[in-house]
Every structure is written in C-alpha cells, then in structure tokens.
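My questions are about this predicted structure, shown below with the sequence.
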Amino acid sequence: MKLIRITRSTKNETRFHKDMGTLQTRVTYIRKSLLGIPLKTLHKYRDTYYGEVKDCAECRLSH
C-alpha cells in the first residue's frame, strides 16, 4: 500500500473570465494525498473549446 498518492480528477465548474463572461468548463485537479486524505493541490488546469490547456489562475469562480 502506498502512503503518498497523486490523483487526477476532472469536474465541471462555472468560471468567469473578464473578456468572455461566464463559461462552463471542465477543470482537472492534480492532488497529493496521504493515506487517502488530500494534502495539497499541485496543479489545476482547464481545456478550452479549441483544445488548448490553460492554467486556472486567469479565471476565477463565479458566484
């Protein structure tokens, strides 16, 4: 049994971009976990309509 694992999960989220407004996108999280307890999010990114991969730092969650 491994103590430390790195997992990747994808979920749909509503994001807001200042130029495009509200958009529905798939966000992929890469997380580090210890014995199944998530410790840290290493990276999160989203795929665009055109197939590009962008960092989520330029978009924020809309409420």
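Cool, the structure landed.

Buried ones in stretch 29-44, by neighbour count?
29, 31 (16 or more other CB atoms under 10 Å). C-betas here are computed from N, CA, C, even on glycine.

ends of it, how far apart?
Start and end residues of stretch 29-44 are separated by 4 Å (CA to CA, to the nearest Å).

who's in contact with it?
3-11, 27-28, 55-56 (CB atoms under 8 Å, 6 or more residues apart in numbering).

Can you select the buried ones from those in PyMOL?
In PyMOL, a selection of the buried entries from those looks like this (16+ other CB under 10 Å):
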select buried, resi 27+56
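
Strands - which of the contacts of stretch 29-44 land there?
With DSSP state E as the criterion, strands contain 4-11, 27-28, 55 from among those.

on that earlier part again, pick out the lowest-pLDDT one from the contacts of stretch 29-44.
Among the contacts of stretch 29-44, C56 has the lowest pLDDT, at 76.

Does the closest residue in space to that residue that isn't next to it in sequence lie in a helix or a strand, and which?
Leaving aside its chain neighbours, C56 sits nearest to K44 (4.7 Å; criterion: CB to CB, 6 or more residues apart in numbering). Here K44, judged by DSSP states H and E, is contained in strand 37-47.

Now do that strand, average pLDDT.
86.
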